[in-house]
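Trainee: kindly generate the corresponding structure for this input.
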Amino acid sequence: MRPEESWSRVGLVQCEEADSALEEPINVEEEDGGLQICRVCGDKANGYHFNVMTCEGCKGFFRRAMKRNVRLRCPFRKGTCEITRKTRRQCQACRLRKCLESGMKKEMIMSDAAVEQRRALIKK
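Mentor: This is a model prediction of the structure:
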């Protein structure tokens, strides 16, 4: 199954590649004890979220995008925006497309009830 088919209600429209001259290369090691990079935007990652090593920003973006149930449209209408830590806020449609292509899974998002139940357990 293709990533864009994993959540049928999200409409992704093509967009134009962002200016890559703004992006600085990130040299990090993704080994035990080393720094890890977000598979979506290239920022520093802090763990696996929804099946993919991501940063907190992409984790939250993916969760909100899936829960909002809205059709995202690319302002550039080409579908190939480069998503980096500096450009990730420019095109939500392409960022979500990259989340899905990276392997993030909607099914791994906890329901509101499950979140509340987990918080209650932590308080005990």
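Trainee: give me the phi and psi for Gln117.
Mentor: The phi/psi pair for Gln117 (degrees, to the nearest 10) reads phi -60, psi -40.
Trainee: could you measure from it over to Glu82?
Mentor: Using CB to CB, to the nearest Å, we find Gln117 at a distance of 39 Å from Glu82. In short, each C-beta sits where N, CA and C put it, glycine included.
Trainee: so where's this structure shaky on pLDDT?
Mentor: 1-33 (pLDDT under 70).
Trainee: helices of that one, start to end?
Mentor: Counting by DSSP state H, the segments of the chain that form helices are 56-68, 92-102, 112-123.
Trainee: looking at the ones you listed, which is buried most?
Mentor: Among those, helix 92-102 has the highest mean neighbour count (mean count of other CB atoms under 10 Å), at a mean of 23.
Trainee: what angle do helix 56-68 and that one make with each other?
Mentor: Relative orientation of helix 92-102 and helix 56-68, computed by axes from the mean of the first three to the mean of the last three CA atoms, to 10 degrees: 100 degrees.
Trainee: helix 92-102 packs against which elements?
Mentor: Helices and strands touching helix 92-102, by 3 or more CB pairs under 8 Å, 6 or more residues apart in numbering; DSSP states H and E, are strand 52-54, helix 56-68.
Trainee: could I get the ones you listed as JSON lines with distance to Leu121?
Mentor: Listed next are the helices and strands packed on helix 92-102 as JSON lines, based on distance: least, CB to CB, whole Å:
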{"stretch": "strand 52-54", "distance to Leu121": "25"}
{"stretch": "helix 56-68", "distance to Leu121": "20"}
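Trainee: picking up where we left off before, now tabulate the helices of the chain in CSV and tack on distance to His49.
Mentor: Shown next, in CSV, are the helices of the chain (distance: least, CB to CB, whole Å):
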stretch, distance to His49
helix 56-68, 4
helix 92-102, 10
helix 112-123, 14
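Trainee: among the ones you listed, which comes closest to Cys41?
Mentor: helix 56-68 (5.7 Å; CB to CB).
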